[in-house]
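Trainee: please work out how this folds:
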Amino acid sequence: MFTATSISVKPLSSVQVTSVAANRHLLSLSSGGRRTRNLSSSAIRCGGIKEIGESEFSSTVLESDRPVLVEFVATWCGPCKLIYPAMEALSQEYGDKLTIVKIDHDANPKLIADFKVYGLPHFILFKDGKEVPGSRRERAITKAKLKEYIDGPLLE
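Mentor: Here you go, the predicted model:
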């Protein structure tokens, strides 16, 4: 048999509210910054990096008037989470010179097959709607190496 009990609920203090917000931020960071689907938009924004799917690939990558760095990632990929801060920093640093997009490996099997992505993270640079020859990179690399990788084709 159940009996009703009275529970008193106190409002959260400003310290507790700050703690809840900080914990939510830490949970976001521990998941690689990945956010849940935003119902107001078909694209997920992770800071300055836009997450796209198969339906947006052509318009976002192939029809872009500036170079595009495509990063194939997965939520379960440790190296993908490891380089997340470097990717965010590069997104801010390059600004309007370069578009950086993420493609979720598990949600986009056709793109994975079309581009023969076998390891993660996997990077491909596109310029003028075409894959830059020799631009594929696989595995986590440092921010400095990412800059070298991008600057070569970007400055050509």
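Trainee: can you list the residue ranges for helices in this structure?
Mentor: Secondary structure of the chain (DSSP state H): helices located at 14-30, 54-57, 78-94, 109-114, 143-155.
Trainee: show me which positions of the shortest one end up buried.
Mentor: Right, helix 54-57. Counting neighbours by 16 or more other Cβ atoms under 10 Å, one finds that the buried residues in helix 54-57 are residue 57. All C-beta atoms are positioned from the backbone trio N, CA, C, and that covers glycine.
Trainee: give me the pLDDT for residue 152.
Mentor: Looking at residue 152, its pLDDT reads 82.
Trainee: repeat that for residue 6.
Mentor: On the pLDDT scale, residue 6 is placed at 49.
Trainee: same thing with residue 37?
Mentor: With respect to pLDDT, residue 37 scores 37.
Trainee: repeat that for residue 155.
Mentor: pLDDT, residue 155: 68.
Trainee: from residue 132, how far out is residue 104?
Mentor: To residue 132, residue 104 is 22 Å away according to Cβ to Cβ, to the nearest Å.
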